[in-house]
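**Q** Build me a structure from this.
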Amino acid sequence: MEPFFGCFPRLSRRWACHHALGVGRSPSSPQPNLRPRRRAGASAGAQLWILVGWLGLLAAQASASGSSLSPAEAESIGRRLWQNESGGTRSGLTAWNAGEEFASLGIGHFIWYPAGVRGPFEESFPQLLRFLERRGISLPEWLRHASACPWPNRRAFLAAAASRPMNELRSLLADTVGEQTRFAIDRLEGSLPKMLASLPEGERGRIETSFHALETTPGGLFALVDYVNFKGEGTFPTERYQGEGWGLLNVLQAMEPGPALPSFRRAARIVLERRVRNAPPARHEERWLRGWLNRVDGYREGGAG
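**A** Model (predicted):
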């Protein structure tokens with residue numbers, strides 16, 4: 001079975017490096033489906049089993065994989081990610097923030113652009129949908145065939161808040177918190193090779209060292225998972241203002257020697273403040289800065305990971 005958190009030094013370092021680089025595995029390898037799905041003619045007992053909570057899913061994944069990421073750590077990562085993005089509320093799973101050109105969906109507020117709209121930020125919600133399908137999750141028919149966000153703007157999105165498609169979308173996202181947590185962790189797992197590949201060889205060692213120092217620090221693993229879902233990897237070419245990015249790579253580059261987690265917090269503050277200074281004035285990103293800084297200030301020892 002695929003390890004729950006296979007890229008990190010809590011597991012075998014040799015296996016982790018091979019996994020991160022795609023060595024010894026096929027990209028088309030089938031994924032285990034640990035989440036029971038409803039079948040036609042299912043018994044009442046089977047239907048009750050469908051109601052098993054997502055914490056049980058996370059525990060089963062972590063235990064069966066042999067990963068040292070405990071069920072409590074996995075649960076805490078998902079819960080805190082959801083809390084950071086939308087206060088842990090069901091309604092917050094489907095959001096469209098004022099001044100933005102895209103919907104923000106799920107516990108990680110994964111971006112989904114309407115048809116004909118492309119902004120500077122990396123779109124991640126379609127990747128989540130494909131991830132859910134690979135894990136055997138049944139999507140509503142309209143969502144399975146959607147090539148773009150069906151609501152063209154925030155006004156239309158808010159007007160559809162009580163519509164059948166929106167309720168179906170919200171239910172899907174509420175029922176797949178465990179899978180979304182895994183998606184977020186997988187995204188971090190794939191970020192390190194991408195970040196290193198984007199750098200000159202002489203800069204890679206420091207970034208890799210900082211990354212691994214964080215993941216082995218209490219609270220540092222959550223900081224990595226949360227930040228890469230919050231502000232991206234830093235390798236997407238259009239996620240730049242005046243030539244300077246704000247993703248995980250940029251924070252790792254700004255870290256100074258010293259304890260990893262405090263250094264990461266300070267570096268994140270510098271990078272986010274720089275983003276606001278460099279942002280187009282029409283975006284008024286200063287309105288979000290206080291919340292962003294409060295978020296990264298929450299990356300403390302004793303947190304998840």
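**Q** Sketch out the low-pLDDT regions of the stretch 201-305 of the chain for me.
**A** 302-305 (pLDDT under 70).
**Q** what about the helices in it?
**A** Ranges of helices in the stretch 201-305 of the chain, per DSSP state H, counting those that start in this stretch, are 201-215, 220-231, 248-254, 260-278, 286-297.
**Q** what's the burial count for the closest residue to R266 other than its chain neighbours?
**A** In space, and not counting its chain neighbours, R266 is closest to E256: 7.2 Å by Cβ to Cβ, 6 or more residues apart in numbering. The way it works is simple: take the backbone N, C-alpha and C, and place the C-beta from them, glycine included. The burial count assigned to E256 is 10, neighbours taken as other Cβ atoms under 10 Å.
**Q** Distance-wise, check the residue nearest the centre of the chain relative to F230.
**A** Per Cα atoms, centre = their mean, the C-alpha nearest to the average position across the chain is that of A184, at 3.3 Å. Computed as Cβ to Cβ, to the nearest Å, the A184 to F230 distance reads 10 Å.
**Q** The residue nearest to R266 and G99, how far apart?
**A** 33 Å.
**Q** Please apply the same query to P120.
**A** Distance from P120 to G99, by Cβ to Cβ: 14 Å.
**Q** swap in E273?
**A** Separation of E273 from G99 (Cβ to Cβ) stands at 19 Å.
**Q** Which of these two has more residues huddled nearby?
**A** E273 (15 against 11).
**Q** Thought L289 was touching the more buried one, still the case?
**A** Yes - when contacts are counted by Cβ atoms under 8 Å, E273 is listed as touching L289 (6.9 Å).
**Q** need the contact list for the closest residue to E123 other than its chain neighbours.
**A** Spatial nearest neighbour of E123, chain neighbours left out: I111 (5.0 Å); criterion: Cβ to Cβ, 6+ apart. Going by Cβ atoms under 8 Å, 6 or more residues apart in numbering, I111 touches F102, A103, S104, F121, E122, E123, S124, F125.
**Q** Next, give me the two most distant ones among those residues.
**A** A103 and E122 (14.4 Å; Cβ to Cβ).
**Q** More neighbours: these two, which one.
**A** Neighbours per residue (other Cβ under 10 Å) separate A103 from E122, with A103 holding more: 23 against 16.
**Q** Just to check, the more buried one is in contact with V117?
**A** No - in this structure, A103 is not within contact of V117 by Cβ under 8 Å, at 10.6 Å.
**Q** picking up where we left off before, now do the residue nearest to E123, the pLDDT please.
**A** pLDDT, I111: 96.
**Q** Quick check: it is in a helix.
**A** No - counting by DSSP: H, G, I helix; E, B strand; the rest coil, I111 is not found in a helix; it is strand.
**Q** P114 pairs with what?
**A** C149 (DSSP bridges).
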